[in-house]
Each structure stands twice: as structure tokens, then as C-alpha cells.
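S.K.: Need a 3D model of the sequence below.
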Amino acid sequence: MKVLVTGPDGLLGSNLVRELISRKYKVFAFVEKNKDSKTISDLDLEMIQGNILEKSEVLSATEGMDVVIHCAAMTNMYPPRMEMVNKVNIQGTENMIAASQKNSVKRFIYVGTANSFRSGNKENPGNELNEYGAGRYGLDYMDSKYKAQLLVLDKVQNEGLDAVVVNPTFMIGPYDSRPSSGEMIRGVYNKKVPGYPLGGKNYVSVKDVSVAITNAITKGKKGNCYILGNENLTFKEAFDKIARCTNSKAPRLKLSKSLIRTYGKGSSIFAKIFNLNPKITHELAILASETHYYSAQKAVNELDMPQTPIEEAIHECYNWFIENDYITEKSHRCFNH
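M.R.: Sure thing, here's the model as predicted:
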């Protein structure tokens, strides 16, 4: 069975193509032109160069495919409003759907985000029945991913598209070559995290997400959404786990809601004046001071999604960073017991 994966060289894509190959799927990686896709360059797959915004290239790439897994997205959170984010995430998805329909692709899997559903607390975590609640943050990334999800579900409802939506939470694991979630691990390890905000979020092994997505090819129910997550942790709990896994010290300073929001607001203003890309913005400060907890029970039940302890994912990310010189002190190599 031929499977086309967009965004195949990111954190999720790099792990997903490995899972697909291990299950004997014939994998085609749709990569941007002239991009260094070092995390997948030595794998048994076929590279197709192209741009999801170019309809003719997308049409050509999807020809003869049985399954399309659309992971590619623009995840920039700064500036909060950014036309290119909308273009890539909405128009890009539209192009992938249209080409898949034209080429009679048997199954389309859209990789969304858990933020497309209102989150909850530990006692009552968010699930797939919740409506969208992230519009109030004013972030084009979240809004565009939700709009793209609606687009997919509309095509299922009105045009018979055989599609499944998967909604990962905060993924951690190896092959994070343009460090995304891994920045949190590097930050704690290098003592660059001054303190812990009072919020929290759901963490998941990227390998578990890859297994669930691969299972969705045959087990996912048409027109259904699946939150792919695992452990709901406060930032303090997450930083403590990272510190234990990396033989480093967790930040001990408690960052109150007012402190982190004031800092985020100042950082956003400073960045605007000096044309910088801030580490924390007003919007991200608000997010960090709230709990964004989810349940992945539906994916566990219907997609046989594993629930690997998050420590294992931290170990794998950390060790990959050491092996690839993202973290320099090799004497601190971390082994999972």
C-alpha cells in the first residue's frame, strides 16, 4: 500500500515514516525543495519534492497513492497574526484534499491539534465532543488548524471524502532536528528556564502518536476525530521529570499568573519594537498560566494507541540530542532503565 506523508522530516513526520516503513507500507515523503531532510535521508522511502501551495505539484505527488497523511503545517506562534500561517495551514490542506479526491485516494488522514477542542482540568479533561475554545487567544496557528479541520470534516459530510482527523497534544521524542518540544528539555538541562508557570498541559510520546496514526489507516472511523495524548502534567511536574531524566536541576521559582503575563506582554512589545522573535509572548504567557488537559481514551480504545510513560519519550529525545550534538556534555548520557 502506497502512503504519501507531507511534512515527513519534522518531529512527527520523522517518527511516523519509520513506523510506516516498519509495517511494510511503501512510503513517499513529500518534502520541500532544497530542504535538508537529514532525519529521513537514509530511510527506505521515496522522496517527492514539492510545495503544498502548488496545486499541480500536489496533484502529481498524490497520483497513485492509497493513503495521504497530511502532517505539514506552519506552527509559528509569533507574530500571533500571520497571513502565511493561514495560507499554508488552510489553503495547503484544501489543495491536499482536492488532489486526493481527484486521484481517488482511499483514505485521507489530517493531522490537526488537540487545541481544536476545548481543554479541561485533571478531573474533567477535554475530549472530542468539546467545541473549539482557543479562539480567545488570538493565534492564527490555532485558528487555522481548527478551520482546516472543519474543512476536512465538511468534505466528509458533503462530498464523501474518506477521512480521519488525529489531534496530537504536546509531542516529545527523538528526531527533533529543528527543536520544537525538545527546546523545553534543552532549556531545563541548560538552566535557561527561570521558573515554572502555574499551568499545565498534556504530554505524549511522538512514537505513540505515530503508532496511532498508522493504526488509523485501517482502524480509524471515517469522519471521526481522535485526540492523541497521554499524561496531564503541571509545568512543575513536567520540569521535574525532565530534570530527573537529564541529571539536571528543575527550576524552583514559582511564576505567578500576573508575573508571567506581565513579562509576556513586555516581551511582545519589546519584540515588536526591535523586530525580534521572543521566547515568550503575551499570548504564550496566557496559555502557560492555564491548564490544557485532555483525555485520549477514544484513541486508546479505537486506535489501540499505546500510553508509553512520558519519561521514556524524554529519555529518547535527550539521548538523540546528545548523539547529534544538540546537547554537548556527553558524560551525562541518559539511559532508560
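
S.K.: contacts, neighbours, all on C-alpha from now
M.R.: Fine.

S.K.: if I pick Lys207, what's in contact with it?
M.R.: By C-alpha atoms under 8 Å, 6 or more residues apart in numbering, Lys207 lies in contact with 15-16, 19, 173.

S.K.: Which of those residues are buried, as a PyMOL select command?
M.R.: The buried residues among the contacts of Lys207 can be selected in PyMOL (16 or more other C-alpha atoms under 10 Å) with this line:
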select buried, resi 15+16+19+173
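
S.K.: Mind picking the two most distant members of the contacts of Lys207?
M.R.: Glu19 and Gly173 (13.5 Å; C-alpha to C-alpha).

S.K.: one step back: which of the contacts of Lys207 lies closest to Ser144?
M.R.: Using C-alpha to C-alpha, the contacts of Lys207 come closest to Ser144 at Leu16, 22.9 Å.

S.K.: gap between the closest one and Tyr226?
M.R.: Using C-alpha to C-alpha, to the nearest Å, one gets 16 Å for the distance from Leu16 to Tyr226.

S.K.: same question, Met1
M.R.: 23 Å.

S.K.: need the helices for this structure, in chain order.
M.R.: Here the chain has its helices, by DSSP state H, at 11-22, 55-62, 83-86, 92-102, 140-159, 182-189, 206-219, 235-245, 257-274, 282-288, 297-303, 310-323.

S.K.: quick one: the fifth one to helix 92-102, angle?
M.R.: The one in question is helix 140-159. 20 degrees (axes from the mean of the first three to the mean of the last three C-alpha atoms, to 10 degrees).

S.K.: how far is helix 140-159 from where the chain is centred?
M.R.: Relative to the mean C-alpha coordinate of its chain, helix 140-159 is positioned 17 Å out (C-alpha atoms, centre = their mean, to the nearest Å).

S.K.: And it, what's buried?
M.R.: 140-149, 151-153, 155-156.

S.K.: got the contact list for that helix?
M.R.: 74-77, 80-82, 85-86, 89-90, 93-94, 97, 110, 112-113, 115-116, 132, 134-135, 161-163, 165, 222-223.

S.K.: please redo it, this time with the cut-off set to 6 Å
M.R.: 75, 80-81, 86, 89-90, 112, 116, 161, 223 (C-alpha atoms under 6 Å, 6 or more residues apart in numbering).

S.K.: Any chance of TSV for the helices of the chain, columns mean pLDDT?
M.R.: Converted to TSV, the helices of the chain look like this (pLDDT from 0 to 100):
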stretch	mean pLDDT
helix 11-22	98
helix 55-62	98
helix 83-86	94
helix 92-102	98
helix 140-159	97
helix 182-189	94
helix 206-219	98
helix 235-245	97
helix 257-274	57
helix 282-288	74
helix 297-303	98
helix 310-323	97
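
S.K.: wait, which of these is closest to Lys35?
M.R.: helix 11-22 (14.1 Å).

S.K.: got the angle between that closest one and helix 182-189?
M.R.: Computed with the same axes, to 10 degrees, the direction of helix 11-22 lies at 110 degrees from that of helix 182-189.

S.K.: could you dump helix 11-22 to PDB, C-alpha only?
M.R.: Only the C-alpha atoms of helix 11-22 are listed here, as PDB (Å, rounded to 0.1, in the frame of the first residue of the first chain):
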ATOM      1  CA  LEU A  11       9.400  15.700  14.700                       C
ATOM      2  CA  LEU A  12       6.200  13.800  14.000                       C
ATOM      3  CA  GLY A  13       6.900  13.000  10.300                       C
ATOM      4  CA  SER A  14      10.400  11.600  11.000                       C
ATOM      5  CA  ASN A  15       8.900   9.100  13.600                       C
ATOM      6  CA  LEU A  16       5.800   8.400  11.500                       C
ATOM      7  CA  VAL A  17       7.600   7.400   8.400                       C
ATOM      8  CA  ARG A  18       9.800   5.000  10.400                       C
ATOM      9  CA  GLU A  19       6.600   3.400  11.900                       C
ATOM     10  CA  LEU A  20       5.000   3.100   8.400                       C
ATOM     11  CA  ILE A  21       8.200   1.500   7.000                       C
ATOM     12  CA  SER A  22       8.400  -1.000   9.900                       C
END
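
S.K.: what sits up against that helix?
M.R.: Helix 11-22 has contacts (C-alpha under 6 Å, 6+ apart) with 7-8, 175-176, 210.

S.K.: repeat that for 7 Å
M.R.: Applying C-alpha atoms under 7 Å, 6 or more residues apart in numbering, the external contacts of helix 11-22 come out as 7-8, 27, 39-40, 71, 175-176, 206-207, 210-211, 214.

S.K.: By neighbour count, which bits of it are buried? Give me those.
M.R.: So, applying 16+ other C-alpha under 10 Å, buried residues of helix 11-22: 11-20.

S.K.: What pLDDT does the model give Gly229?
M.R.: On the pLDDT scale, Gly229 is placed at 98.

S.K.: measure it to Asn158 for me?
M.R.: 29 Å.

S.K.: do Cys245 as well
M.R.: Separation of Cys245 from Asn158 (C-alpha to C-alpha): 48 Å.

S.K.: For ChimeraX, what selects the buried ones among the contacts of helix 140-159?
M.R.: Under the burial definition 16+ other C-alpha under 10 Å, those of the contacts of helix 140-159 that qualify are selected in ChimeraX by:
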select :80,86,89,90,112,116,161,223
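
S.K.: Present the contacts of helix 140-159 as TSV; the columns should include distance to Lys192.
M.R.: Below are the contacts of helix 140-159 laid out as TSV (distance: C-alpha to C-alpha, whole Å):
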residue	distance to Lys192
Thr75	22
Pro80	24
Arg81	27
Asn86	32
Asn89	31
Ile90	35
Gly112	30
Ser116	30
Leu161	46
Gly223	43
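
S.K.: Many thanks, have a good one.
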